[in-house]
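Chemist: model this:
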Amino acid sequence: MTVFLLALAALAYSAVGHAGASGYLAVMALLGTAPATMRPTALLLNLVVATIGTIQFARAGHFRWSLFWPFALVSIPAAFLGGRLLLPESTYGLVVGGVLLFSAARLVFARTPTEQAPQPPRLGISLVAGAALGFLSGLTGVGGGIFLSPLLLLAGWADLRTTAATSVAFILVNSIAGLVGQMPIADVWPPDLGYWIGAVVVGGGIGATLGSRRLPLPALRRVLAVVLLVAGGKMMIGVWR
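Modeler: Next up, the predicted model:
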């Protein structure tokens, strides 16, 4: 069941230009995985799927370097710094639980944006946003795309497919930086890590291939939203016990 849920998360998220970190955190929360193990494991699985997604969306011609680099430039050191911090377990539960609940709400209520000519953001805005999202990425073990995507779409900075391509590349560089930042403090890896990696490779490969061709997956998004909602609520309730 764990392998199936991880593959499902990878498939659903990679189809929309994400790598599935919040989904992996949800699955690990349901398993009762220790927070010190959750963060580096989520980032490692994120790195695997984001690599696949970046290649697929770039091959499909949706990646725009001029939009990507300002966000990535400052997010990389910020993600490294965030990854170096080890939050108290209660604080981590609140932060990650909030991220999971936000992700669930976004999956349920996200709308298809209207097509319009995108206007790239000013350089200063991109740098500030990249730094904030990068730090949050490293701190929580989430690649940052779950926040970058709605920002790009709602601000009118990119269309749907360019947003997906930018987000997955952003997730890739931040997952690397956050993982490197966590290595000195990372706990032991889960014993089934090899199977988990295999699951996300399969799911991420299928999802990225479908997503780069703009195939919607509404049913899978709803299933994933339920998993996120249950796991996020579990972590938030656990803080108050």
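Chemist: same for the helix ranked longest in the chain, what does it pack against?
Modeler: Counting by DSSP state H, the longest helix found in the chain is helix 35-59. In terms of contacts (3 or more CB pairs under 8 Å, 6 or more residues apart in numbering; DSSP states H and E), helix 35-59 is packed against helix 2-14, helix 21-31, helix 89-109, helix 160-182, helix 193-211. Any C-beta I mention is one placed from the backbone N, CA and C, and that applies to glycine too.
Chemist: average model confidence for the shortest one?
Modeler: Throughout helix 21-31, pLDDT has a mean value of 87.
Chemist: what's next to that helix, contact-wise?
Modeler: With contacts defined as CB atoms under 8 Å, 6 or more residues apart in numbering, helix 21-31 is touched by 2, 5-6, 8-10, 12-13, 37-38, 41-43, 45-46, 96, 99-100, 103, 141-143, 146, 171, 175, 190, 200, 224, 227-228, 230-232, 234-235.
Chemist: mind redoing it with 7 Å?
Modeler: The contact list for helix 21-31 (CB atoms under 7 Å, 6 or more residues apart in numbering) reads 2, 5-6, 9, 13, 38, 41-43, 45-46, 96, 99-100, 103, 141-143, 146, 224, 227-228, 231-232, 234-235.
Chemist: show me what contacts Leu133?
Modeler: Leu133 touches 75, 144, 147-148, counting by CB under 7 Å, 6+ apart.
Chemist: any idea which helix or strand comes after the helix or strand hosting it?
Modeler: Per DSSP states H and E, Leu133 falls inside helix 123-140. Counting by DSSP H and E, the next helix or strand C-terminal to helix 123-140 is helix 145-154.
Chemist: just the buried positions in that next one, please.
Modeler: 145-153 (16 or more other CB atoms under 10 Å).
Chemist: neighbours of Trp69, just the number please.
Modeler: By other CB atoms under 10 Å, the residues close to Trp69 number 12.
Chemist: so what pLDDT did the nearest residue to Trp196 once chain neighbours are set aside get?
Modeler: Once flanking residues are discounted, Trp196 sits nearest to Leu6: 5.5 Å by CB to CB, 6 or more residues apart in numbering. Looking at Leu6, its pLDDT reads 95.
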